[in-house]
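Peer 1: build the 3D model from these lines:
(2 chains)
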Amino acid sequence: MMAHLILRVTIKLLFAPIIIFALYVQFHGDYGPGGGFQAGVIFAAAFVLHALGFGIDETKKVLPPKVLPWLMVIGVLFYAGTGVATLLLGENFLDYDILQPDSHHHAGQHIGIILVELGVGIAVASTMLTIFYHFAGREPEIRDEDW
Amino acid sequence: MEDFQTPLQPIILLDLAILSLLIATAFAMMRVRRLFAVVMLSGIFSFLAALFFVSLDAVDVAFTEAAVGAGISTVLMLTGMLLTARREKPAVPGHKNIAMVICLVTGAALFYATIDMPAFGDPNAPANIHIGQEFVERTPQDIEIPNIVTAVLASYRGFDTLGEVLVVFAAGVGVMLLLGAGSLRGGRKVKDDRPGDDETEHDGREF
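Peer 2: Sure, this is the predicted structure:
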């Protein structure tokens, strides 16, 4: 249990800041570099780090593999649904201006971009974790001499 | 249209250092036979590429390269390596000359092509005058967000990005189907023999 103690403590310390950073990248994408793709990957990287330090079974308790396919679908539908919503409101597919038609500073564009980026982030994070779970889940556990 | 010259700045030394490190890493990846070392070197390669993108002012691309190239794909390569051998088979001698000639000719052609490329940062480069300039000029009026990259990605080219998300989704579904859809529903669990445990069973999985 005391094996890889330094690694495990470091991972515990880093886990929350990585998640916060992912959220920052996600929602600050309008103003600085970043966006849904990068945020999704950073979010997934936090869980991958957890799995590397504590074993994939511990991570699967935190984030069960069964919810991931649902999150993948929700992310894609979030994106496409934003487009369908603008379509139903009477504009072109993904023409966000209709979301706030009376705004003088294009608030519709802001809302649309944030919604779409959220869809991207959810889809990318869950897809990356699905791929990782399926690759890593095929080997029982990394043996100590393989480190 | 007068000729644009990239101003010679001390940062060119940094660029040269990063590029030579990239080449050195690539050669090291070719020479090393231990796959663990190759995976680590590919992570280093991605970080160096990310540094180079930063020096080209492409921070968004650098961000993605560092997160995807150095982070996720290194881990995926490691988990993939666990399913195969730890060591690359020694290269079979022969057919080396023809490959060398092809590499040299292609490399020379690429070098020759760089002569025609516009200088770095040239405002009159084809990529900067038509649609690129349009995006830079119109984003403050049309979208009113400071990051033009996000404006292009999520608004002007929103439909393309939807396609990209679908590609990522399809990749995830593909991995799920190939590597164990049965196990998700509690069906037959896929078992892999540890390579090296059974020498009599060779099905070409070493590669």
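
Peer 1: now the helices: where do they sit in chain B?
Peer 2: B:11-31, B:35-55, B:59-64, B:73-83, B:96-114, B:126-129, B:131-142, B:148-150, B:158-178, B:181-184 (DSSP state H).

Peer 1: then the fifth one to CSV, C-alphas only?
Peer 2: Extracted C-alpha coordinates of helix B:96-114, given in CSV (Å, rounded to 0.1, in the frame of the first residue of the first chain):
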residue,chain,number,x,y,z
LYS,B,96,17.6,0.0,-47.3
ASN,B,97,19.1,1.7,-50.3
ILE,B,98,15.9,2.3,-52.2
ALA,B,99,14.2,3.6,-49.0
MET,B,100,17.1,6.0,-48.5
VAL,B,101,16.9,7.2,-52.1
ILE,B,102,13.1,7.9,-51.7
CYS,B,103,13.7,9.7,-48.5
LEU,B,104,16.4,11.9,-49.9
VAL,B,105,14.5,12.7,-53.1
THR,B,106,11.3,13.6,-51.1
GLY,B,107,13.3,15.6,-48.6
ALA,B,108,15.1,17.5,-51.4
ALA,B,109,11.8,18.2,-53.1
LEU,B,110,10.4,19.6,-49.8
PHE,B,111,13.4,21.8,-49.3
TYR,B,112,13.1,23.1,-52.9
ALA,B,113,9.4,23.8,-52.2
THR,B,114,10.2,26.0,-49.1
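
Peer 1: what secondary structure does residue A:102 sit in?
Peer 2: Per DSSP: H, G, I helix; E, B strand; the rest coil, the local secondary structure of residue A:102 is coil.

Peer 1: and it, how many neighbours?
Peer 2: Using other C-beta atoms under 10 Å in any protein chain shown, residue A:102 is surrounded by 6 other residues. No exception for glycine: its C-beta is placed from N, CA and C like everyone else's.

Peer 1: separation between it and residue A:108?
Peer 2: 9 Å (C-beta to C-beta, to the nearest Å).

Peer 1: go on, residue B:67?
Peer 2: 30 Å.

Peer 1: picking up where we left off before, TSV please, covering the helices of chain B and showing mean neighbour count, mean pLDDT and distance to residue A:31.
Peer 2: As requested, those are exported to TSV (neighbours: other C-beta atoms under 10 Å in any protein chain shown; pLDDT from 0 to 100; distance: least, C-beta to C-beta, whole Å):
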stretch	mean neighbour count	mean pLDDT	distance to residue A:31
helix B:11-31	13	92	26
helix B:35-55	18	93	18
helix B:59-64	19	88	12
helix B:73-83	19	85	28
helix B:96-114	9	91	35
helix B:126-129	12	80	23
helix B:131-142	13	86	13
helix B:148-150	20	87	9
helix B:158-178	16	92	18
helix B:181-184	14	52	39
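
Peer 1: can I get those helices in TSV with distance to chain A?
Peer 2: Converted to TSV, the helices of chain B look like this (distance: least, C-beta to the nearest C-beta, whole Å):
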stretch	distance to chain A
helix B:11-31	19
helix B:35-55	9
helix B:59-64	4
helix B:73-83	4
helix B:96-114	28
helix B:126-129	20
helix B:131-142	7
helix B:148-150	5
helix B:158-178	4
helix B:181-184	7
